[in-house]
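1. sequence plus predicted model, see below.
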Amino acid sequence: MTFVVTENCIKCKYTDCVEVCPVDCFYEGTNFLVIHPDECIDCALCEPECPAEAIFADDELPAGQEAFIELNAELAEVWPNITEMKDKLNDADEWDGVEGKLDKLVR
Ligand code: SF4
Ligand code: F3S
C-alpha cells in the first residue's frame, strides 16, 4: 500500500503534507507533488493535512483518480525531493476544487 497525491493538488500545491512526512518521500514538480510509493510507510499523517484533500490511500482512491497511482510512481523517479513547506502557488485557492485539472499538470 502507499498514499497517493491526486488531481486536486494540481495548481494548488499547498505543501502542508511535506511538513509532516516522517520519511521525506514527497517529490516536487512545477505545480504538483507526488509520493514515492516505495518510500511511503503508510503512516497516514499527510492525508488530513492537505487543505485540498488531495491525498488518499491507494485502496481508497475516489472514482476517476486511479491513474494517479502510476503518475506518482513515475514522477517520483524524476522530480526532486521536497522536505520543507513553502508558499502555496498563486491562485491556489481559486483552483482548489476545480475538476478536470489533469491537462494543467506540468511535467
Ligand atoms: Fe509520508 Fe506517511 Fe504520507 Fe506516506 S502516508 S507520504 S509516509 S506522511
Ligand atoms: Fe498538494 Fe495537498 Fe500537499 S495540495 S502539495 S497534496 S498539501
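-> Happy to help now that I have it. Given the structure is predicted, the values throughout are model-derived calculations rather than measurements. Ligands and ions are numbered 1, 2, ... in the order given.

2. tell me the secondary structure for Asp103?
-> Look at Asp103: counting by DSSP: H, G, I helix; E, B strand; the rest coil, its state is helix.

3. from now on call the first residue 897
-> Taking 897 as the first residue, the last one we looked at is Asp999.

4. would you mind measuring from it to ligand 1?
-> The gap separating Asp999 from ligand 1 is 25 Å, by CB to the nearest ligand atom, to the nearest Å. Every residue, glycine included, has its C-beta placed from N, CA and C.

5. same check, this time on Cys921
-> To ligand 1, Cys921 is 5 Å away according to CB to the nearest ligand atom.

6. other residues contacting the lengthiest helix in the chain?
-> Ranked by residue count under DSSP state H, the longest helix found in the chain is helix 963-972. Residues outside helix 963-972 that contact it (CB atoms under 8 Å, 6 or more residues apart in numbering): 898, 900-903, 921, 923, 925, 928, 930-933, 935, 954, 957, 998, 1003.

7. cutoff 10 Å now
-> For helix 963-972, the external contacting residues (CB atoms under 10 Å, 6 or more residues apart in numbering) are 898-903, 905, 921-925, 928-936, 950, 952, 954-955, 957-958, 961, 998, 1001, 1003.

8. please indicate which of those residues are buried?
-> In terms of neighbour count (16 or more other CB atoms under 10 Å), the buried residues within those are 898-903, 905, 921-925, 928-933, 936, 950, 952, 954, 961, 1001.

9. in strands only, show me these.
-> Residues of those located in strands (DSSP state E): Phe899, Val900, Val901, Phe922, Tyr923, Glu924, Leu929, Val930, Ile931, Phe952.
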